[in-house]
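Visitor: just need the structure, nothing else, for what follows:
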Amino acid sequence: MNLELRVSIVIVLFWINSCSQLAAQSNNSEKTAEDHLHEAHCHFDAGEYKKAVVAFKKAINLKPDFASAYNDLGMTYAAMDRHDWALDALVEAVRLKPDFAVAHYNLGSEYFQIGKFQLALRSFERAVVINPRYAVAFNNLGATLFEIGRNQEAIEAYKKALSIRPDWAEAYRNLALASYQAGDYKKALINLREALRLKPDYYEAYNNLGVLHHNRQNNREAIACLHKAISIKPDYATALYNLGALQLAMNDRNQALGQYHKLKVIDPGLAAALYGGIYRGRVLELRSK
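Guide: Predicted coordinates for the structure are as follows:
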């Protein structure tokens, strides 16, 4: 199984005036750095990322040590998939304000996205030291530890996240995946079921549960879980692929072909992989994401 990280974009917003009030104010007085910051937030919320960047930079020009503006500029670049620029802005944010937990978290998330896990680890560790109640940072710390093979430490990080947010289905799923990787199938099963209790439409967790049942030689339950995932999200390519692979393993080639034809439209790459099993006899492994 591979962990599917759920990284949330966190942007610090210091709302003082609404966007309309801000516009009226700007006509009557020269804008301050804070005015430009609020204007940038309005643009960001509207999906106008380039305009948001311009406004954030105006705020920084007026106030060069404006750590919050650098943080928010970084996350705007991240939303634009400009991770190189995002990193530059976030590094500056934590340089200007070393105890800025959110900026450390965002920096860690960016490092994770580009595969620099050791740097991500350092940033998430710093975030939870500054803010010991930072549940999402503990979750992402766990994800990073998982990626570098430190499963037991990942499990402890997820448990810490859940001690802060006990109703967090996504963290239970991540804990289940780490437990599975550590060979503890019983705890993996318990945690996936808890994730689904908290979030009954959690189709990714149903897919994971199907994989777990298959690995425990319980294919009837596995197929039921995969069907449930697909009933919630009919275009969920991973579950369609897994269902086809499992049907093929059970010598139900016609059913597997049905999944293949659906995947041709949704995900040609997974369709090609399933084709290899159906027509070329390749051994297929179920996928967790």
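
Visitor: so after the least confident helix or strand in the chain by mean pLDDT, what's the next helix or strand?
Guide: Ranked by mean pLDDT, DSSP states H and E, the weakest helix or strand in the chain is helix 19-28, scoring a mean of 50. Using DSSP states H and E, the helix or strand that follows helix 19-28 towards the C-terminus is helix 33-45.

Visitor: so how far is that following helix from its chain's centroid?
Guide: Chain-centre distance of helix 33-45: 26 Å, with CA atoms, centre = their mean, to the nearest Å.

Visitor: outline the domain layout of this structure.
Guide: If you go by automatic domain parsing, the domain ranges for the chain are 1-128, 132-200, 203-289.

Visitor: adding mean neighbour count, write the ones you listed out as TSV.
Guide: (Each C-beta comes from the backbone N, C-alpha and C, glycine too.) Shown next, in TSV, are those (neighbours: other CB atoms under 10 Å):
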stretch	mean neighbour count
domain 1-128	19
domain 132-200	20
domain 203-289	19
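
Visitor: please compute how far stretch 256-273 lies from its chain's middle.
Guide: With CA atoms, centre = their mean, you get 25 Å for stretch 256-273.

Visitor: all numbers from here: first residue = 409
Guide: Renumbered: residue one is now 409, and that last one reads stretch 664-681.

Visitor: rewinding a little: the domains of the chain: lowest mean pLDDT?
Guide: Of all those, the minimum mean pLDDT falls on domain 409-536 (a mean of 83).

Visitor: so how far is that one off the chain centroid?
Guide: The answer for domain 409-536 is 18 Å, by CA atoms, centre = their mean.

Visitor: and the spatially closest residue to residue 607 that is not a sequence neighbour, what does it touch?
Guide: Among residues not flanking residue 607 along the chain, residue 577 sits closest, at 3.7 Å (CB to CB, 6 or more residues apart in numbering). Contacts for residue 577 (CB atoms under 8 Å, 6 or more residues apart in numbering) come out as 602-604, 606-607, 610, 613.
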